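**Student:** what would the 3D arrangement of this be:
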Amino acid sequence: MKTTWIFAAALVLCTACASEQKEGGGDDGEADAAALEKLAERGQDMFRDRGFGEIEIACIDCHADFDKALAGEDRIRPGHSILGAHKRVETWNGEFSGDGLQRTAAGAAKCAWLYQEKGGSVEDALSEDEAAALMAYYAYVSPGNEAPVLNWDAVTWPGDPDFTPEAFEKEIEAIAKLRGTAARGEAMFDRACAPCHDTGIGPATRIIKRKAADVPATVRGGEDSMPFFSRDKLSDQDIADIQEFLSR
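**Tutor:** Numbering: from 1, shown residues only. Sure, this is the predicted structure:
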């Protein structure tokens, strides 16, 4: 399914809803719907813009803006889909909630600061207008049946700010004890890693092969502009398999 089709369909639905909410419809309702549509279009442009921050990576490189099951996408992205993000009750393991969700675009400001190097902190990574545009885009592309809380298992900073270096080291040691399968690792690499490392977004595969020993820590904790993969995205065994493939 094409994301453009989903966006167009959502625009039609939301425009209709906005018109119905105004008594008798009228020019005011149409103007509001048009303004919301324009705001969402700006959010879409930001979501796909690899020049949004200092690092050339876009939100869509890590987060889907469509239903992956319906689209039949086999790719494993480090971030979760943004469908329903506008109505979540918390994000980033509870770091953002309440009014902070709107101001940070459901935590997108932290992504922009950490991975795109936009702004000097989470607080100024997104302007209020930019956050509003992203939230409007989330709403437009969301069917409306999403859960208010994500089911994820982040095991390391920055996904879980309370995770200690000692606990992280134990996680990496546990992965090192697993026996990886190169063939399966290659398949997992194609799904989770190649979309960035074979397309110029991240370091080339031949380079990361030279640092195969660092793969568990890099995948679990992230590095520079590379986000981390939580357990619900890649299991410990997945990482061991990828490491075995890269070690060959």
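**Student:** mind listing the helices for this protein?
**Tutor:** Assigned by DSSP state H, the helices in the chain fall at 3-21, 26-47, 68-71, 99-103, 108-115, 122-125, 128-141, 165-176, 182-192, 194-197, 205-209, 215-221, 236-247.
**Student:** so for the fourth one, what's the average pLDDT?
**Tutor:** What that stands for is helix 99-103. Helix 99-103 shows a mean pLDDT of 95.
**Student:** how far does that helix sit from its chain's centre?
**Tutor:** Offset of helix 99-103 from its chain centre (Cα atoms, centre = their mean, to the nearest Å): 17 Å.
**Student:** name the helices or strands packed onto that helix?
**Tutor:** Applying 3 or more Cβ pairs under 8 Å, 6 or more residues apart in numbering; DSSP states H and E, one finds that helix 99-103 makes contact with helix 128-141. Using the backbone N, CA and C atoms, a C-beta is placed for each residue, glycine as well.
**Student:** the helix it packs on - contacts with which helices or strands?
**Tutor:** helix 3-21, helix 26-47, helix 99-103, helix 108-115.
**Student:** kindly recompute the last result at 6 Å.
**Tutor:** Contacts defined by 3 or more Cβ pairs under 6 Å, 6 or more residues apart in numbering; DSSP states H and E place helix 128-141 against helix 3-21, helix 26-47.
**Student:** mean pLDDT lowest where, among those helices?
**Tutor:** Set side by side, the helices and strands packed on helix 128-141 give their lowest mean pLDDT on helix 3-21, at a mean of 44.
**Student:** for Val89, which non-adjacent residue is closest in space?
**Tutor:** Leaving aside its chain neighbours, Val89 sits nearest to Pro148 (4.8 Å; criterion: Cβ to Cβ, 6 or more residues apart in numbering).
**Student:** distance of the nearest residue to Ala147 once chain neighbours are set aside from Gly43?
**Tutor:** Counting by Cβ to Cβ, 6+ apart, Ala147 lies nearest to Gly84, which is 7.0 Å off, once chain neighbours are set aside. Gly84 sits 15 Å away from Gly43, taking Cβ to Cβ, to the nearest Å as the criterion.
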